[in-house]
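*Asks:* This is the structure alone, sequence omitted:
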């Protein structure tokens, strides 16, 4: 069982919507934040910006700034070779494999004008031009939707997120190796205006010896801007027709909490 401090606060299910694919890369937000934010900041991009695409479709054409130092020229060359070989080995042409080969074109078409990708690593303190910190990113911003998926490095920036939480209207964060970092998560959530309103286990990460998910996705709303009830949710997680398996060929992980 997960500790109670990870249990989401109550929000009417009608306010919760999924943005992005019905697989890995899709996340839950509260629709009450729509039209209230000025910018979407994405920390950790990889080769998936479906969330970002759908976000601007339903929220308006807000600026998007993405940070990911790993998505560079070498990344695209390796990906193209891999996708091309995969396509050539298929006996039957599959539309998703064909589209994979042209992913770079989609990337170039999406990230232009007010949608920018910086090849910078998210760190607690930047030491060179290839790094950037959360305080630097948020310095002149407000009403930010912040999405963080940086493969374990999120624990290095939790304090920075907490110190700048007034600028954030909504936070989506993927937490890795949860079983080893419970104290860090607890300290982050303590006395934080950003309140957990949804949780989902990423089944790619599997479970620990206590049958708890090793990787979780949290959605947090700024309770100073959007009021929520100070009671815990009675929903069962995953939520039917809202949550979907990150990895389709593996069972989803049911979440239980300590009382």
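*Replies:* Structure's in. What do you need? Note that the structure is predicted; figures quoted are calculated from it, not measured.
*Asks:* Okay, residue 134 and residue 2: tell me how far apart.
*Replies:* 26 Å (C-beta to C-beta, to the nearest Å). For the C-beta atoms, the positions are set from N, CA and C on the backbone; glycine is no exception.
*Asks:* So if I had to pick from these two, which one is more boxed in?
*Replies:* residue 134 (25 against 21; other C-beta atoms under 10 Å).
*Asks:* Grab the nearest non-local neighbour of that one.
*Replies:* Using C-beta to C-beta, 6 or more residues apart in numbering and skipping the chain neighbours, the partner closest in space to residue 134 is residue 160 (3.8 Å).
*Asks:* so the one you found touches residue 122, yeah?
*Replies:* No - under the criterion of C-beta atoms under 8 Å, residue 160 makes no contact with residue 122, lying 9.2 Å away.
*Asks:* Who are the packing partners of the longest helix anywhere in the chain?
*Replies:* Using DSSP state H to define each element, the chain has its longest helix at helix 73-89. Under the contact criterion of 3 or more C-beta pairs under 8 Å, 6 or more residues apart in numbering; DSSP states H and E, helix 73-89 touches helix 95-101, helix 103-110.
*Asks:* ranking these by mean pLDDT, which is last?
*Replies:* When these are compared on average pLDDT, helix 95-101 comes out lowest at a mean of 57.
*Asks:* any weak-confidence spans in the stretch 51-200 of the chain?
*Replies:* Scanning the stretch 51-200 of the chain for pLDDT under 70 picks out the ranges 87, 90-101.
*Asks:* can you give me the helices in it?
*Replies:* 73-89, 95-101, 103-110, 134-138, 158-163, 182-189 (DSSP state H, counting those that start in this stretch).
*Asks:* most neighbours per residue, which of those helices?
*Replies:* helix 134-138 (a mean of 20; mean count of other C-beta atoms under 10 Å).
*Asks:* what do residue 160 and residue 122 both touch?
*Replies:* By C-beta atoms under 8 Å, 6 or more residues apart in numbering, residue 160 and residue 122 have these common neighbours: 133, 134.
*Asks:* Lovely, talk soon.
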